[in-house]
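Peer 1: Pasting the sequence and the predicted model now:
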Amino acid sequence: MAAEAAQVIQDFAIVMVIASVMALVFYKIKQPMVIGYIAAGMLIGPYTPPFSLVSHPEVVNLLAEIGIVLLLFVVGLEYPIAKLRSVGKKALVIAMTEAFGTLALGYVVGQAMGLALFDSLFLALSISVTSTVIVMRVLEELGMLQDKASILLLGVAVIEDIIIVSILAVLQSVASTGSLSIQEIGISVGLVLAFIGGALFIGSKTVPKFVDLVGKTNHHDLVIVAVLGVAFGLSFIANEIGISVAAGAFFAGVLVAESKSHAVARVLSMPLRDMFAALFFVSVGALMDISLLPLFIVPAMILIATSFGAKFTTVYFSAKMLRTDKKTSMKAGFALSASGGELALVTAKGGADVGATSSFILPMVGTMTIITTFLSPYVIKFGWKLAGSLKQQEKKEEEKEEEKKDDLPSS
C-alpha cells in the first residue's frame, strides 16, 4: 500500500512539473496555456514512445473529473440568476439558433463522413461550443469589453453554456441506454428540465442563505469547504439521476453566485480550479494517440470549417433578423465562431466517459481545440477590423450621397 501511495505521489509530481514547464513555454511564446497542458499530457501519456511516464493513469483521470466539476462551478459563479434573466430575448434567440444550427449541421457532416451515430452527435456538440473565457480575454486586450457587441456576446455566451451543458446531460443519459428513441429522449429531457428547475427553485431559496450563514463566520476555510460541498453535492445528485456532473457543477455555481459571499467564494475557488483544470487538460492530452493524427487531421479541418461557417452564418443572420446593426452582427458572428475552448473538451470526454464514442473522437476534438484556440485571437481581431472598415465605408457612401443631394439644383 505504501508503495502504491508513493507511485501516485510520483505520478502527481511528474504531471505537475511537466505541466508547469510546458505552460511556461507556451506563456513565453504568447500562446494559450491550455495548449501547453494538452502538450504536457501528450508527453507523459501511454501513447507517446518509448513508454508512459505515469504508472497510474486512472488517478490522473480521477483528478481530471474533479477538474471538470471545479471548472464548470467557477463558470457558473459568473452567472447569477439575475444576470441569466437580464440577457434578454435577443441573446436567447441568437444562442439557440447558433447552438442548434451548428449541432444540426455538424451532425449532418459527421454522418456524411461515415461516422457512427453517437460519434456524430458528440462531435457536433463539441463544435457547437464557444469559449467564453478566450473571447472575453481577447476583447479585454482590445479594450472592447464595453462595446455594444461585447454586451450581446456575453449574453449569448451565458445562454449557450447552459444549452451545451444541458444537451450534454441529455446525450450522456441517452447514450447510456444505447438508443435514440423518442421515449428515451423525452425521459432524458424531462430529467434535465426537472433537475434545472428543482435546482433553481429549491436551491435559490436554500443555498445562498447557507453560504451567507457560513460567510458570516469570516473563516475562509469554512467558506471554501461549504461552497465545494454545494458543488460536489449537486454534481453527485446530477450524476445519480443520469445527468452530467458538469451540469450539476454549473448550476451549483449559479446558486452560490446568488449569495452575498459569492465574490469571496470565487476568489477562494480559483486556485483549486486552476490546479485541477490543468489536470483535466493534461488528462485529455494523455488520452490522445498522436499516431492517429494522420487519420483525423483532415476530418478535424473539415469540422473546424463547418463550425466556423455554421456559427458565423447563424449568429450574423439571426442578429440581423432581430434588427441588430450590420457592424454589431458581424462582430458577434466572428467572435462567437472563433473558438471551441475547454467546454468542447468536456463534451468530448463526456462521450468517452459513458463509452458512447470511438477512441479517435477525443484526440480529434483536442486537435480542433488546439487549432481554434490558437486562431481565435486573430479571427476576432480580423472580424473587429473588418466590421470597423465596413462601417467607415458606409459613412463615406452616406457622405457622398449627401453631397450629391446638395449638388442637385433646387426646383
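Peer 2: Alright, I've got the coordinates. Numbers count the residues shown, from 1 in each chain.

Peer 1: Give me the nearest residue to residue 189, chain neighbours excluded.
Peer 2: Distances taken as Cβ to Cβ, 6 or more residues apart in numbering put residue 170 closest to residue 189, at 5.8 Å, once the chain neighbours are dropped. (Each C-beta comes from the backbone N, C-alpha and C, glycine too.)

Peer 1: Any idea how far stretch 315-335 is from the middle of the chain?
Peer 2: 21 Å (Cα atoms, centre = their mean, to the nearest Å).

Peer 1: What number of neighbouring residues does the residue nearest to residue 238 when sequence neighbours are not counted come out with?
Peer 2: The shortest distance from residue 238 to any non-neighbouring residue, by Cβ to Cβ, 6+ apart, is to residue 248 (3.1 Å). Counted with other Cβ atoms under 10 Å, the neighbours of residue 248 add up to 30.

Peer 1: ok, residue 248 touching residue 234?
Peer 2: Yes: when contacts are counted by Cβ atoms under 8 Å, residue 248 is listed as touching residue 234 (4.2 Å).

Peer 1: List the residues that contact the residue nearest to residue 238.
Peer 2: 69, 195, 199, 231, 234-239 (Cβ atoms under 8 Å, 6 or more residues apart in numbering).

Peer 1: among these, which ones are buried?
Peer 2: The neighbour count (16 or more other Cβ atoms under 10 Å) marks 69, 195, 199, 231, 234-235, 237-239 as buried among the contacts of residue 248.

Peer 1: one step back: closest one of the contacts of residue 248 to residue 206?
Peer 2: Of all those, residue 206 sits closest to residue 199, with 10.5 Å by Cβ to Cβ.

Peer 1: Look up phi and psi at the closest residue in space to that closest one that isn't next to it in sequence.
Peer 2: Excluding the flanking residues, the one nearest residue 199 by Cβ to Cβ, 6+ apart is residue 251, at 4.5 Å. Phi and psi for residue 251, reported as degrees, to the nearest 10, are phi -70, psi -20.

Peer 1: give me the number of residues near residue 251?
Peer 2: The burial count for residue 251: 29, using other Cβ under 10 Å.

Peer 1: secondary structure element for the residue nearest to residue 238?
Peer 2: Here residue 248 sits within helix 245-256, counting by DSSP states H and E.

Peer 1: How about residue 288?
Peer 2: Under the criterion DSSP H and E, no helix or strand holds residue 288.

Peer 1: Make sure residue 278 is actually in contact with residue 19.
Peer 2: Yes: applying Cβ under 8 Å as the test, residue 278 and residue 19 come out as touching, 5.4 Å apart.

Peer 1: intersection of neighbour lists for these two?
Peer 2: Common neighbours of residue 278 and residue 19 (Cβ under 8 Å, 6+ apart) are residue 37.

Peer 1: low pLDDT regions in the stretch 1-150 of the chain?
Peer 2: Across the stretch 1-150 of the chain, the ranges flagged by pLDDT under 70 are 1, 49-52, 83-88, 132-134, 136-148.

Peer 1: can you give me the helices in the stretch 201-350 of the chain?
Peer 2: For the stretch 201-350 of the chain, applying DSSP state H, counting those that start in this stretch gives helices covering 220-240, 245-256, 262-286, 293-321, 326-336, 341-353.

Peer 1: what about these, which gets the closest to residue 165?
Peer 2: Taking Cβ to Cβ, helix 245-256 is the member of the helices of the stretch 201-350 of the chain nearest to residue 165, at 4.8 Å.

Peer 1: CA atoms of that closest one as PDB?
Peer 2: In PDB, the C-alpha atoms belonging to helix 245-256 read as follows (Å, rounded to 0.1, in the frame of the first residue of the first chain):
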ATOM      1  CA  VAL A 245     -21.600  16.200 -13.400                       C
ATOM      2  CA  ALA A 246     -20.800  19.300 -15.400                       C
ATOM      3  CA  ALA A 247     -24.400  20.300 -15.400                       C
ATOM      4  CA  GLY A 248     -24.600  19.900 -11.600                       C
ATOM      5  CA  ALA A 249     -21.400  21.900 -11.000                       C
ATOM      6  CA  PHE A 250     -22.500  24.700 -13.300                       C
ATOM      7  CA  PHE A 251     -25.800  25.200 -11.500                       C
ATOM      8  CA  ALA A 252     -24.100  24.900  -8.200                       C
ATOM      9  CA  GLY A 253     -22.000  27.900  -9.200                       C
ATOM     10  CA  VAL A 254     -25.200  29.800 -10.300                       C
ATOM     11  CA  LEU A 255     -26.700  29.200  -6.900                       C
ATOM     12  CA  VAL A 256     -23.600  30.200  -5.000                       C
END
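
Peer 1: how far out from the middle of the chain is that helix?
Peer 2: Using Cα atoms, centre = their mean, the distance between the centre of helix 245-256 and that of its chain works out at 14 Å.

Peer 1: what sits against the residue nearest to residue 203 when sequence neighbours are not counted?
Peer 2: Using Cβ to Cβ, 6+ apart and skipping residues adjacent in sequence, the residue nearest residue 203 is residue 255, 4.4 Å away. By Cβ under 8 Å, 6+ apart, the contact set of residue 255 is 76, 199-200, 203-204, 207-208, 230, 234.

Peer 1: Format those as JSON lines; extra columns: distance to residue 345.
Peer 2: Listed next are the contacts of residue 255 as JSON lines, based on distance: Cβ to Cβ, whole Å:
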{"residue": "76", "distance to residue 345": "18"}
{"residue": "199", "distance to residue 345": "24"}
{"residue": "200", "distance to residue 345": "26"}
{"residue": "203", "distance to residue 345": "27"}
{"residue": "204", "distance to residue 345": "30"}
{"residue": "207", "distance to residue 345": "28"}
{"residue": "208", "distance to residue 345": "31"}
{"residue": "230", "distance to residue 345": "24"}
{"residue": "234", "distance to residue 345": "22"}
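
Peer 1: Let me know the closest of the residues you listed to residue 392.
Peer 2: Closest to residue 392, out of all of those and judged by Cβ to Cβ, is residue 76, at 40.0 Å.

Peer 1: neighbours of that closest one, just the number please.
Peer 2: Residues contacting residue 76 under the criterion other Cβ under 10 Å number 26.

Peer 1: So it sits against residue 252, correct?
Peer 2: Yes: taking Cβ under 8 Å as the definition, residue 76 is a contact partner of residue 252 at 6.3 Å.
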